[in-house]
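got a predicted structure plus its sequence, pasted below:
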Amino acid sequence: MSAAPDIVIVGAGIVGAACARECARAGLRVLVLDRGPVGGGTTAAGMGHIVVMDDSPAQFALTAFSRRLWQELAPELPAAVEYDPCGTLWVAADEPEMAEVHRKAAFYRERGVRVEVLEGDDVAAAEPALRPGMAGGLRVVDDAVVYPPAAAQHLLESQENARRIEVRPGVTVAALNEDGGVTLADGTRVSAGVAVNAAGPWSPLLAPGLPVRKRKGHLVITDRHPGFVHHQIVELGYLKSAHAVTADSVAFNIQPRKTGQMLIGSSRQFGAEGTEINAEILDRMLRRAFEYLPGLGRLSAIRAWAGHRAATPDKLPLIGPSLASDRIWLATGHEGLGITTSLATGRLLADQVLGRAPAIPVEPYLPARLGKGDTPHA
Amino acid sequence: MPERIELSVNGRALSVPWGTTVAAAVALAGETRFRRSVHGDARGPLCGMGICFECRVTINGEPHARSCLILCADGMEVRTDE
């Protein structure tokens, strides 16, 4: 890239990649920097579940819009991205959780999201490996699965964008500058019209005081056992786990991969800095999965790993200009929904940068809502 | 303990000395494709000590058994190339 880029994005995870894609589609020249490889951080520690969620109206709006963008993108995705519209099956273990199934079903139906309420027998028929006696479940028909690192790669390299996007992996950024450029760790200054902090859990390193916290999660992947499960299956108790903001928590969440492998989650821990495996948490997470799928423990796992997600106080991402400078922007704080919401984030960021009318109201995601916690170093 | 073990490999009866690993039995049966990779390539034993997972076969209906670590047993049904 000879001339200075219009926009420099720090972070080649799926959020940074989606921002790059949308800006490039609009004709901007984009430089993407990452201290590691494309999709090697939080993106590699996510399940790749494309899911509509309804913890808040703003979360629903963002996930539903972004899922639609994934559906529109699906026909162009290469096989390596492993897009699979397998749907989500939220399983209810008891009557209180079944009441939640009915509430969610009504909420989704009113908003045009296709769902099916399953009674206990229907759940057993849909997923025979589940333990007997489930109260029921909710099938969210159009939810899907992708392989996130390959998806990030595709967003950066798809033919229409490749010309306008330069990706430089293995480059550490030391600071975002108020004039829109960045300073690299080796002191080099890179000029650009706008700088975007898409560094996920590490975004506060470039914006001290930013209210984003690292939240650790574990994953396990099995050997190939095709047909053991058919949907991404999540316990409704997952919501209790996801909402707990202090204690470590685990919840049953399993995903069928196109290879026949299964990806098993989930765990959430604050204050756990490293990515080493925590045996106690891993043990709790797997035992939770075995409670739901008694036959799972007989199958072989081939790898366990952990990574960090970027959590915000109100569980919504930060998409928009920082309070520090109108040339420093934020696209971070997506926690466990970043794969789903990446495409919407890219669209909303580009809408704002370019002064276009936003595709959906952006106010709930603007960094300004959280106050002046994002002042950079002078 | 019996001196000979009777088992089957891909439906074919086989008799091996006690102490024979399933990997050795599969080789004795003349099979070279123990399993298939994700992309369909033929795979067979490499490390012989349970680390590489290349020698996996289906034993009595259970997939992904590491044949190099498991001794043949009477009546065992082994399937390869799955």
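Perfect, I can see it now. Numbers count the residues shown, from 1 in each chain, chains lettered A, B, ... in the order given.

low pLDDT regions in the stretch 1-150 of chain A?
A:1-2 (pLDDT under 70).

go again with 50.
A:1 (pLDDT under 50).

and the strands in it?
Assigned by DSSP state E, counting those that start in this stretch, the strands in the stretch 1-150 of chain A fall at A:7-10, A:30-34, A:49-50, A:88-92, A:115-119, A:136-140, A:144-145.

how about chain B?
Secondary structure of chain B (DSSP state E): strands at B:4-9, B:12-17, B:35-36, B:42-43, B:56-59, B:62-66, B:77-79.

with respect to burial, which of those strands scores highest?
strand B:56-59 (a mean of 22; mean count of other CB atoms under 10 Å in any protein chain shown). In this view, the C-beta of every residue, glycine as well, is placed from N, C-alpha and C.

and it, which strands flank it?
Applying DSSP bridges to the sheet, strand B:56-59 is found paired with strand B:62-66 (antiparallel), strand B:77-79 (antiparallel).

what is the rounded mean pLDDT of the shortest one?
Average pLDDT, strand B:77-79: 98.

out of the strands paired with strand B:56-59, which gets nearest to A:Gly41?
A:Gly41 sits nearest to strand B:62-66 of all those, at 30.3 Å, using CB to CB.

who in chain B is up against chain A?
Neighbours of chain A within chain B, by CB under 8 Å from any CB of the partner chain: B:Val38, B:Phe53, B:Arg56, B:Glu62, B:Pro63, B:His64.

all helices for the stretch 101-250 of chain A, in order.
A:120-126, A:148-157, A:159-162, A:238-243 (DSSP state H, counting those that start in this stretch).

may I see the buried residues of the longest one?
It stands for helix A:148-157. A:Pro148, A:Pro149, A:Ala150, A:Ala151, A:Ala152, A:Gln153, A:His154, A:Leu155, A:Leu156 (16 or more other CB atoms under 10 Å in any protein chain shown).

a markdown table please, covering those residues and showing distance to chain B.
Output for the buried residues of helix A:148-157, formatted as a markdown table (distance: CB to the nearest CB, whole Å):
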| residue | distance to chain B |
| --- | --- |
| A:Pro148 | 18 |
| A:Pro149 | 16 |
| A:Ala150 | 14 |
| A:Ala151 | 18 |
| A:Ala152 | 21 |
| A:Gln153 | 18 |
| A:His154 | 19 |
| A:Leu155 | 24 |
| A:Leu156 | 24 |
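
which of these sits closest to A:Val32?
A:Leu156 (6.7 Å).

can you pull the contacts of that closest one?
A:Ala12, A:Ala17, A:Ala20, A:Arg21, A:Val32, A:Val38, A:Ala162, A:Ile165, A:Val167 (CB atoms under 8 Å, 6 or more residues apart in numbering or on different chains).

tally of neighbours for the residue nearest to the first one when sequence neighbours are not counted?
If the residues on either side of it in the chain are set aside, A:Ala12 comes closest to A:Asp34, at 3.6 Å by CB to CB, 6 or more residues apart in numbering or on different chains. Residues near A:Asp34, counting by other CB atoms under 10 Å in any protein chain shown, number 25.

beta partners of A:Asp34?
With DSSP bridges as the criterion, A:Asp34 is bridged to A:Pro169.

mind checking pLDDT for the closest residue to chain A within chain B?
With CB to the nearest CB, the shortest gap between chain B and chain A falls at B:His64, namely 4.6 Å. On the pLDDT scale, B:His64 is placed at 91.

hmm, it is touching A:Asp223, no?
Yes. At 4.6 Å, B:His64 counts as touching A:Asp223 under the criterion of CB atoms under 8 Å.

spit out the residues that contact the two alike.
Residues within reach of B:His64 and of A:Asp223 at once, by CB under 8 Å, 6+ apart, are A:Leu299, A:Ser300, B:Phe53, B:Arg56.

lowest-confidence one in those residues?
A:Ser300 (86).

show me the contacts for that residue.
A:Ser300 makes contact with A:Thr222, A:Asp223, B:His64 under the criterion CB under 8 Å, 6+ apart.

check contacts around the last one.
By CB under 8 Å, 6+ apart, B:His64 lies in contact with A:Asp223, A:Arg224, A:His225, A:Leu299, A:Ser300, B:Phe53, B:Arg56, B:Thr58.

so how far is chain B from the fourth one?
This points to A:Leu299. According to CB to the nearest CB, to the nearest Å, A:Leu299 stands 8 Å off from chain B.

ok so, going back, okay, the strands paired with strand B:56-59 in JSON lines with distance to A:Asp351 next?
Converted to JSON lines, these look like this (distance: least, CB to CB, whole Å):
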{"stretch": "strand B:62-66", "distance to A:Asp351": "48"}
{"stretch": "strand B:77-79", "distance to A:Asp351": "56"}
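
which positions in chain A make contact with chain B?
Within chain A, the positions near chain B by CB under 8 Å from any CB are A:Asp223, A:Arg224, A:His225, A:Thr259, A:Arg298, A:Leu299, A:Ser300, A:Ile302.

give me that answer again for 7 Å
A:Asp223, A:His225, A:Thr259, A:Ser300 (CB under 7 Å from any CB of the partner chain).

farthest-separated two in those?
Spatial extent of those (CB to CB) is set by the pair A:Thr259 and A:Ser300 at 14.0 Å.

can you pull the residues that touch both of these two?
Here A:Thr259 and A:Ser300 share no contacting residue, scored by CB atoms under 7 Å, 6 or more residues apart in numbering or on different chains.

contacting residues around A:Pro226?
So A:Pro226 contacts A:Gly260 (CB under 7 Å, 6+ apart).

kindly provide the distance from it to A:Arg257.
Using CB to CB, to the nearest Å, A:Pro226 is found at 10 Å from A:Arg257.

repeat for A:Tyr83
12 Å.

so between these two, which is more surrounded?
Using other CB under 10 Å as the criterion, A:Tyr83 and A:Arg257 rank with A:Tyr83 on top: 25 against 20.

backbone dihedrals for the nearest residue to that one once chain neighbours are set aside, please?
In space, and not counting its chain neighbours, A:Tyr83 is closest to A:Leu77: 4.8 Å by CB to CB, 6+ apart. Main-chain torsions, A:Leu77, degrees, to the nearest 10: phi -80, psi 130.

A:Leu77 and A:Pro85 touch, don't they?
No. Using CB atoms under 7 Å, A:Leu77 is not in contact with A:Pro85; the gap is 11.3 Å.

neighbour count winner among the two?
Remark: of A:Leu77 and A:Pro85, A:Leu77 carries more neighbours, 18 against 13, as counted by other CB under 10 Å.

how close does that one get to A:Ile264?
With CB to CB as the criterion, A:Leu77 and A:Ile264 are 24 Å apart.

now B:Ala65
For B:Ala65 relative to A:Ile264 (CB to CB), the value is 21 Å.

what of B:Cys68?
26 Å.

okay, now the residue in chain A that chain B sits nearest to: neighbour count?
Across chain A, the shortest distance to chain B (CB to the nearest CB) belongs to A:Asp223, at 4.6 Å. Per other CB under 10 Å, the neighbour tally for A:Asp223 reads 17.
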